[in-house]
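Trainee: A predicted structure for the sequence below; I have some questions about it.
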Amino acid sequence: MLQKLILVIMMNLPKFIQLKLSKKAQIELQGRKLLPSFQLMLSGPENELEVDYEVLTASDFRKNYDVPNPMSFYSSSSDNMKTNDHELEVDNGSVVIREYLLENSSNSALLYFHGGGFTSGNLESHDNLCKYLAFLLGMKVFSLDYRRSPEYKFPIPLDDCNYAYEWLISNSKKFGLDPRKIYTGGDSAGGNLSAALCLARRDANKTLPYAQFLLYPVTDLRMLTESYTLFNKGFLLTRDMMHWFKHNYLNRSSEETNPLASPLLAENFKSLPSTVIVTAGFDPLRDEGQEYFKQLQLAGVNVIHKEQKGFVHAFAQFGIIPECRSAIKEACTDLLSF
């Protein structure tokens, strides 16, 4: 509780004080100014540590990520939301889906896929965010604890997402849902899984989500964009970290051009669901998210894109920062406009 209080105070200090505490002038690149709250957060010595990804194991990485993040606190109004976990049988195993029980919810639902580079993240790491999304959207949220790499490589996490979507459609009456009003979405790797799910289901002539909600999604695992060069280190997500995630996820390097691993490389983008895409200005994934928006727009898809210019990757995990709360609220408003 004390840690949360200190963080709340730090992240709500006047911007000029945050910059003084960061001991640097405000960082500016390509006309974008890094939000002082992020600059302060990234000024700690832990952000300067070099990680040896040749020896790093997934289990060691998960120790710091697969836990509730004190920075992800959003709102006391959603803090006590009840949840119910459901076990779903999938090929050669099972997964858990967490249902967020919102009172007086609509008959729509969001099936959410967490981020974490296909390697980390779970129900707990994204619990606060999912509560906030349910609160803002006025609908139930179902968060999927899909199986992760490197233990379960491509396309197993995507297959789990498809099983979960089919399960939710099949059980829509039980949950009081309209099967035609099921949204999908996710952040980072979870955004990739949502985009790939929609491509796969469209190509198989299966029921598509009503709309999708993509927060700073991974759309191109070739990692060739300018933003990978500009923000290769020092802004939370690094190029080396993404290489490690990719190595964990794919069975072989040639799979990086498979559209179900890199949705931006699909042959066409027609007939995909309405989509909200939110990118961050200081994120290696910025350019591929912007390009995915352009391709959807050219294909005639109803799509809304917002770049949060002063933000870093994973900003949805920092609800303690007022601007992050506002960005998520704006994105939810956009999603409900479809």
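Mentor: Nice, thanks for sending it over. Not measured: the values here are computed from a predicted model.
Trainee: For this protein, which residues score under the pLDDT cut-off?
Mentor: For the chain, the stretches with pLDDT under 70 are 1-2, 45-49, 73, 75-79.
Trainee: And the strands in it?
Mentor: 28-29, 32-33, 82-90, 93-101, 109-113, 140-145, 182-187, 211-215, 274-282, 303-312 (DSSP state E).
Trainee: of all those strands, which lies closest to residue 295?
Mentor: Evaluated over the strands of the chain, closeness to residue 295 peaks at strand 303-312, with 9.2 Å, by C-beta to C-beta. In short, each C-beta sits where N, CA and C put it, glycine included.
Trainee: who does that closest one pair up with?
Mentor: strand 274-282 (parallel) (DSSP bridges).
Trainee: And the partner strand, what's buried?
Mentor: Along strand 274-282, the positions that meet the burial threshold by neighbour count (16 or more other C-beta atoms under 10 Å) are 274, 275, 276, 277, 278, 279, 280, 281, 282.
Trainee: Could you point out which of the residues you listed is nearest to residue 21?
Mentor: residue 282 (18.6 Å).
Trainee: Quick one: residues contacting that closest one.
Mentor: By C-beta atoms under 8 Å, 6 or more residues apart in numbering, the contact set of residue 282 is 27, 29, 32, 34, 38, 231, 235, 310, 311, 312, 313.
Trainee: Of those, which is the nearest to residue 115?
Mentor: If you rank the contacts of residue 282 by distance to residue 115 using C-beta to C-beta, residue 313 comes first, at 9.0 Å.
Trainee: ok, how many other residues are close to that closest one?
Mentor: By the other C-beta atoms under 10 Å criterion, the neighbourhood of residue 313 contains 25 residues.
Trainee: any idea how far it is from residue 250?
Mentor: Residue 313 sits 20 Å away from residue 250 when distances are taken as C-beta to C-beta, to the nearest Å.
Trainee: circling back to that earlier point, now which of the contacts of residue 282 would you call buried?
Mentor: Under a neighbour-count criterion of 16+ other C-beta under 10 Å, the subset of these counted as buried comprises 27, 32, 34, 38, 231, 235, 310, 311, 312, 313.
Trainee: Dump the strands of the chain to TSV, plus distance to residue 119.
Mentor: Putting these into TSV (distance: least, C-beta to C-beta, whole Å) gives the following:
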stretch	distance to residue 119
strand 28-29	28
strand 32-33	29
strand 82-90	19
strand 93-101	16
strand 109-113	14
strand 140-145	14
strand 182-187	14
strand 211-215	18
strand 274-282	20
strand 303-312	19
